[in-house]
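>>> Kindly generate the corresponding structure for this input.
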Amino acid sequence: MLRGRGLLLVMSGPSGVGKTSIVHELTRRFDAVFSVSATTRARTAAERDGVDYFFVTEADFQKWIDERRFLEFAQVFGRSWYGTPREPVERQLALGKVVILDIDVQGAEQIRKAMPDSLAVFILPPSEDELLRRLRARGREDEAAIQRRFAEAKREIAFAHSSGVYNHFVVNDDLFKAIDEVERLVRAHIG
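Presented below is the predicted three-dimensional model:
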């Protein structure tokens, strides 16, 4: 718990960079709140509504956009919509909590405009070759899908560097060092 207003921590990085592992550990270290996104995509058997995502219809998602209930939102790969509901984030910040968003570069750009005092950290792979190796090692997709993710990752990294959205870049060549580095950045930001 922080004195006064909390901190909105925006975490971004390409698929396969280790961002989820970093976010989980930071959530533990700061007793932080992980912001649950809303999505129009179908729920998998392992996912729980309100825990993993808020699963909503396209009509409801559009209604939330019209009612300005999102801090940020985007359509991903031209298919499903994803967005960060405003109210839960603002409620936790008012309680002095660190609130962590795991969002893409497009969402981070919207957050920077909506909440310029947020802390935005982009996680980088040690190299393109290592990122490609990690994407393949996950064993989740065929080679064509891996190549699409890899191409998208290169675009995300280029945008992150040129956009001015991110306060810091952290290379994840060693998971525990990367976690410690982001923790140090957060502690420096909150004083």
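>>> Now do the SS call for Phe169.
strand (DSSP: H, G, I helix; E, B strand; the rest coil).
>>> ditto for Ile123
Put simply, Ile123 is strand when judged by three-state DSSP.
>>> That one and Val23 touch, don't they?
No: at 9.3 Å, Ile123 and Val23 do not qualify as touching, with contact defined as Cβ atoms under 8 Å. Quick note: C-beta positions are derived from backbone N, CA and C, even for glycine.
>>> Please say which of the two ends up with more neighbours.
Neighbours were counted for Ile123 and for Val23 using other Cβ atoms under 10 Å; Ile123 has more, 25 against 21.
>>> Now do the same contact list for the more buried one.
11-13, 17-19, 22, 169-172, 178 (Cβ atoms under 8 Å, 6 or more residues apart in numbering).
>>> let's go with 6 Å and repeat that
With contact set as Cβ atoms under 6 Å, 6 or more residues apart in numbering, Ile123 has these partners: 13, 17, 19, 170, 172.
>>> ranking the residues you listed by neighbours, who comes first?
Using other Cβ under 10 Å as the neighbour test, those are led by Gly13, with 28 neighbours.
>>> and it, how far is that from Asp31?
Gly13 is 23 Å from Asp31, where distance means Cβ to Cβ, to the nearest Å.
>>> And what about Thr44, helix, strand or coil?
Under the three-state scheme (three-state DSSP), Thr44 adopts coil.
>>> Leaving out sequence neighbours, find the closest residue to Phe54.
Counting by Cβ to Cβ, 6 or more residues apart in numbering, Phe54 lies nearest to Ala38, which is 4.1 Å off, once chain neighbours are set aside.
>>> Walk me through the regions of this protein where pLDDT falls short of the threshold, as ranges.
1-4 (pLDDT under 70).
>>> hey, where'd the strands end up in it?
Taking DSSP state E, the strands of the chain run over residues 7-12, 33-34, 38-39, 54-55, 70-76, 80-85, 98-102, 119-124, 168-171.
>>> what's the closest of the ones you listed to Gln110?
With respect to Gln110, and counting by Cβ to Cβ, the nearest of the strands of the chain is strand 70-76 at 3.7 Å.
>>> And for the nearest residue to Glu141 once chain neighbours are set aside, the neighbour number?
Distances taken as Cβ to Cβ, 6+ apart place Arg149 nearest to Glu141, at 7.2 Å, with adjacent residues excluded. Arg149 has 20 neighbours, counted by other Cβ under 10 Å.
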